[in-house]
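Enquirer: Mind folding the following:
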Amino acid sequence: MKITSKVFYRINDEKIMQYSLQNDHGMTLNFITFGARVQQVRLPNRAGMNPNLTIGFITFQDYAEDSELFGATIGPIAGENGDQPLNSGRTGWQNWNWDAATEEAEDHVSVKFSLQLADGQDGLPGSRTVALVHTLDNRNRWTIDWHIETDTKVQLRPKLNVAYALTGDPAQSVMDQRLRLDAEPVPLPTKTLSTEATMATLTANDWALSLNTEGPGLVVDTFAHLNEQNYFNGITGAPHTAVAIRPVTPLFTLMPGAPFERRTTVTLHALA
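Expert: Okay, here's the model as predicted:
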């Protein structure tokens, strides 16, 4: 297992870093510190193909201009808490260049992204500590651990906005893939689906993904509104080009002294 890092982009004296976690089976998770984004998820299939199995981009400008915030760690969104819109500038966690620290152990590798935000820096009152730890092991398990603390009562809806493209090709539809929620077959939705299920599996021709969460349920989205005007991974997109499967996160009140903590586990398999 190994961890590598490199400079992805420079803004004046600030470095946007890319971190890569890889296990002994070739499963690789790539992240960039801008918005603590998931940039790539890869696992070679039996034929040796190794495409990016998520929606991502090639350049920093693509990420900076992406209105969908693919791959981003998202916190406050303008106006959604019922107060005044967020101030201009680097508000919302997806617009910050996060700190990062890595850990390499015998049975796992991990990267911890963190923000220490002073009063109002993310557009909400009070200061906050936000941490997201990504861990990869040799069972192809990717564990995502949240920890958020605040010194002031605030409303939040944190989410990690990953869209899985198990075709390996953003120009292909995902609608023939097989979805199970809590082990029950469910047609892939043409609109966003919210469910009380806490376990999901998604199976395509060459890869299968399973996900479980400690949250109250799962959201499934197949992005019907995307089309050939969108470019992902350097390739023209198409409607239903990916599947987002993520925990349901209603807008909730975070209180001082009561941290938000949640774990989500994603397991990836290469098929024959």
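
Enquirer: now stretch 198-218: mean pLDDT?
Expert: What stretch 198-218 shows for mean pLDDT is 97.

Enquirer: Could I have the CA atoms of it written out in CSV?
Expert: What follows is stretch 198-218, C-alpha atoms only, in CSV (Å, rounded to 0.1, in the frame of the first residue of the first chain):
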residue,chain,number,x,y,z
THR,A,198,-28.8,2.4,4.4
MET,A,199,-27.2,-0.2,2.1
ALA,A,200,-26.8,-0.1,-1.7
THR,A,201,-25.1,-2.1,-4.4
LEU,A,202,-24.6,-1.0,-7.9
THR,A,203,-23.5,-3.5,-10.5
ALA,A,204,-22.2,-2.8,-14.1
ASN,A,205,-20.5,-5.0,-16.6
ASP,A,206,-17.0,-4.7,-15.3
TRP,A,207,-17.3,-3.3,-11.8
ALA,A,208,-19.6,-3.5,-8.8
LEU,A,209,-19.9,-1.1,-5.9
SER,A,210,-21.5,-1.4,-2.5
LEU,A,211,-22.1,1.4,0.0
ASN,A,212,-23.5,1.5,3.5
THR,A,213,-24.0,4.4,5.8
GLU,A,214,-24.7,5.3,9.4
GLY,A,215,-27.0,8.0,8.2
PRO,A,216,-30.8,7.9,8.1
GLY,A,217,-31.0,6.8,4.5
LEU,A,218,-29.6,7.2,1.0
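
Enquirer: Show me which residues of that stretch are buried.
Expert: 198, 200-204, 206-213, 215, 217-218 (16 or more other Cβ atoms under 10 Å). Where you see a C-beta, it was placed from the backbone N, CA and C, and this is true even at glycine.

Enquirer: swap in stretch 135-148?
Expert: Buried, per 16+ other Cβ under 10 Å, within stretch 135-148: 135-137, 140-146, 148.

Enquirer: likewise stretch 42-51?
Expert: Buried, per 16+ other Cβ under 10 Å, within stretch 42-51: 42-43, 45, 51.

Enquirer: what residues does that stretch touch?
Expert: Contacts with stretch 42-51, where a contact means Cβ atoms under 8 Å, 6 or more residues apart in numbering, come from 25-28, 30, 52-53, 140, 168-169, 206-207, 233, 268-272.

Enquirer: repeat for stretch 202-218
Expert: 43, 45-47, 49, 53, 164, 166-168, 174, 177-179, 181, 194-201, 243, 245-250, 262-271.

Enquirer: which ones among the residues you listed are found in strands?
Expert: Secondary structure from DSSP state E places 178-179, 181, 194-195, 199-201, 245-247, 262-270 of these in strands.

Enquirer: Could I have the PyMOL command that selects the buried members from these?
Expert: Paste this into PyMOL to select the buried members of the ones in strands among the contacts of stretch 202-218, with burial taken from 16+ other Cβ under 10 Å:
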select buried, resi 179+181+200+201+245+246+247+264+265+266+267+268+270
